[in-house]
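Enquirer: Here is the input, now give the coordinates:
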Amino acid sequence: MDADSKKGSMRTNEKQNWWISPTNVAYHFGTSGTAVAAATAITHPLDVLKVRLQMQLVGQRGPLTGMGQAFVQVLQNEGAKSLYRGLTPALMRSVLYGGLRLGLYEPSKYVCELAFESNNILMKIASGAFSGALATALTNPSEVLKVRLQMNQNSSTGPIEELRRISSTEGMTALWKGVGPAMARAAALTASQLATYDESKQVLTRWTPLEEGFYLHLISSTIAGSISTVVTAPIDLVKTRLMLQRESKVVGTYQNGFHCAYQVLRTEGLRGLYKG
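Expert: Numbering: from 1, shown residues only. Got it, this is the predicted structure:
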């Protein structure tokens, strides 16, 4: 067997080993889920503020409350504990979503390599978009529970009670409200993060003294996260509005994601899509 054949055989064995090794699967799922859960626990108060800001002046134009003012209002009116409303379903979703999204990325990428015999940036974007969308679809109920609890200002209802209330009054299908925009957001988020992260690293290594290491990864990740957030903010707002239909009765029922976006543009203006 020549050298090229040996290399090809080794690459094939590596891909096959990934699929048949429960240890590798558990490793990818566990580390990814733990990392996302840790980040969620730290940033959850910001997520509460984001949801509150996204739901302000629904169907209306007017002066918007800023994040600082919203933070002070929540502390004064509801106490610091309210900044952690919905933390339980948020952590549950983080473990599952993080584990599935990042855990499915590698096998998705390998499938693309085998199918198209290519590993370029488009294949990576497609793999990331697929894994993110699938993970979102499976974990949408926990996201619905989270935003419902985050908006519930005058109740100490827990996730189990909220789940029972939703299933009894709205039906189990209500747990998948906003799943379309949520999947689109996950796909767009993953795709934009991958592209901007790689490009940021290349520009920084070319035009700054930064070399491969912690600071390069940190700065590149910050740039990628900021750009992807701006790109996906309108989709995120639509997702939140659909999940909180009962809070949006002033504008009637949104028929779907496109109708919601149209209604926001018509009644609240372009700036309305970037609330929060």
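Enquirer: Which parts of this structure are strands?
Expert: Counting by DSSP state E, the chain has no strands at all.
Enquirer: which stretches of it have low pLDDT?
Expert: For the chain, the stretches with pLDDT under 70 are 1-22, 25, 154-155, 246-252.
Enquirer: Point to the residue nearest the middle of it.
Expert: Centroid-nearest residue in the chain, with Cα atoms, centre = their mean: residue 186, separated by 5.4 Å.
Enquirer: Correct me if wrong: that residue contacts residue 128.
Expert: No. Residue 186 lies out of contact with residue 128 (Cβ atoms under 8 Å); the separation is 9.2 Å. In this view, the C-beta of every residue, glycine as well, is placed from N, C-alpha and C.
Enquirer: separation between the residue nearest to residue 112 when sequence neighbours are not counted and residue 182?
Expert: With Cβ to Cβ, 6 or more residues apart in numbering as the criterion, residue 112 has its nearest non-adjacent residue at 4.3 Å, and that residue is residue 123. Look at residue 123 and residue 182: by Cβ to Cβ, to the nearest Å, they are 24 Å apart.
Enquirer: Would you mind telling me which of these two has more residues around it?
Expert: Neighbour totals were compared for residue 123 and residue 182, and residue 182 leads with 27 against 18 (other Cβ atoms under 10 Å).
Enquirer: Was I right to think the more buried one contacts residue 141?
Expert: No. The criterion here is Cβ under 8 Å, and residue 182 misses it with residue 141 at 11.0 Å.
Enquirer: what about residue 260, how many neighbours?
Expert: 23.
Enquirer: My error: substitute residue 101 in the last question.
Expert: Using other Cβ under 10 Å, residue 101 is surrounded by 25 other residues.
Enquirer: hang on, the earlier thing: ok now do the residue nearest to the centre of the chain, which residues does it touch?
Expert: By Cβ atoms under 8 Å, 6 or more residues apart in numbering, the contact set of residue 186 is 101, 129, 132-133, 135-136.
Enquirer: ok, so of those residues, who is nearest residue 203?
Expert: Taking Cβ to Cβ as the measure, residue 203 lies nearest residue 129 of these, at 23.4 Å.
Enquirer: wait, isn't the closest one in contact with residue 187?
Expert: Yes. Counting by Cβ under 8 Å, residue 129 touches residue 187, with 3.8 Å between them.
Enquirer: helices or strands next to the biggest helix by length in the chain in the packing?
Expert: If you go by DSSP state H, the chain has its longest helix at helix 22-54. Packing contacts for helix 22-54, counted by 3 or more Cβ pairs under 8 Å, 6 or more residues apart in numbering; DSSP states H and E, involve helix 67-78, helix 87-116, helix 121-151, helix 214-243.
Enquirer: would you turn those into CSV with distance to residue 45?
Expert: Shown next, in CSV, are the helices and strands packed on helix 22-54 (distance: least, Cβ to Cβ, whole Å):
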stretch, distance to residue 45
helix 67-78, 8
helix 87-116, 9
helix 121-151, 10
helix 214-243, 16
